[in-house]
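Participant: From the sequence below, what's the structure:
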Amino acid sequence: MSNDSHSLGVGYILWIFGFLGAHRFYFGRPVSGTLYLFTLGLFLIGWFVDLFLMPMLEASADRRYLEGEKNYTLGWVLLTFTGFLGLHRFYMGKIGTGLIYLFSLGLFGIGIIYDYWTLNEQISSTNLENSDR
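Facilitator: So this is what the prediction gives:
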C-alpha cells in the first residue's frame with residue numbers, strides 16, 4: 001500500500017507562490033521554505049528549479065509523513081487561511097491550544113509561525129496516535 005499524504009497538484013498550486021516558500025513548507029521543508037521566504041525563492045532561481053523538482057519533493061513528503069485520519073492538505077489550508085483563529089488546531093483535536101489561538105490571534109502570530117514549521121509533524125503524530133486506537 002503506497003502512502004499518499006501530500007498532493008502533487010496542491011504542491012504545484014503552491015509553487016505559484018513558491019518564491020515565498022509555500023510549497024516547501026507544505027512538503028515539510030521549513031528551513032528551505034524560510035530561506036525562500038526571505039530571498040524570494042533564492043532570487044527566483046530556486047523557485048524555477050523547483051518546478052522540475054516538485055515530484056521529488058512530493059515523494060519525499062509521502063515517505064516521511066504518515067497518512068491517516070487527518071488530511072495534510074486540509075490542515076495546511078486551515079492554517080494558511082484561518083491560522084489566527086486556530087481552526088487547524090481544532091481540526092487536529094487540540095481543543096486547548098485551539099482556544100488559546102482563537103483568543104490570542106494565533107498566539108500573536110508566533111504560534112502561526114511555529115505551526116508553519118511543525119504542522120506536518122503534528123498531523124503525522126496525530127495520525128499515529130489515532131492509528132493506535
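Participant: excluding its backbone neighbours, what's nearest R29?
Facilitator: L57 (7.1 Å; Cβ to Cβ, 6 or more residues apart in numbering). Glycine gets a C-beta too; all of them are placed from N, C-alpha and C.
Participant: Kindly provide the distance from Y91 to I123.
Facilitator: Using Cβ to Cβ, to the nearest Å, one obtains 9 Å as the distance from Y91 to I123.
Participant: Quickly list what's touching both of those two.
Facilitator: With contacts defined as Cβ atoms under 8 Å, 6 or more residues apart in numbering, the residues adjacent to both Y91 and I123 are K70, G75.
Participant: neighbour count winner among those two?
Facilitator: I123 (26 against 19; other Cβ atoms under 10 Å).
Participant: what's the pLDDT at the more buried one?
Facilitator: Residue-level confidence at I123 comes out at 98, pLDDT.
Participant: which SSE is it in?
Facilitator: Using DSSP states H and E, I123 sits in helix 110-131.
Participant: elements contacting that helix?
Facilitator: Using 3 or more Cβ pairs under 8 Å, 6 or more residues apart in numbering; DSSP states H and E, the elements in contact with helix 110-131 are helix 22-26, helix 30-43, helix 45-64, helix 72-82, helix 87-91, helix 95-108.
Participant: Distance from that helix to the middle of the chain?
Facilitator: Mean-position distance between helix 110-131 and its chain equals 8 Å (Cα atoms, centre = their mean, to the nearest Å).
Participant: Distance of the residue nearest the centre of the chain relative to F17?
Facilitator: Averaging the C-alpha coordinates of the chain gives a centre point, and the residue nearest to it by Cα atoms, centre = their mean is Y26 (3.6 Å). Separation of Y26 from F17 (Cβ to Cβ): 10 Å.
Participant: Same check on L102?
Facilitator: When Cβ to Cβ is applied, the distance between L102 and F17 equals 26 Å.
Participant: same thing with G41?
Facilitator: With Cβ to Cβ as the criterion, G41 and F17 are 9 Å apart.
Participant: and what of L87?
Facilitator: With distances defined as Cβ to Cβ, the gap from L87 to F17 amounts to 20 Å.
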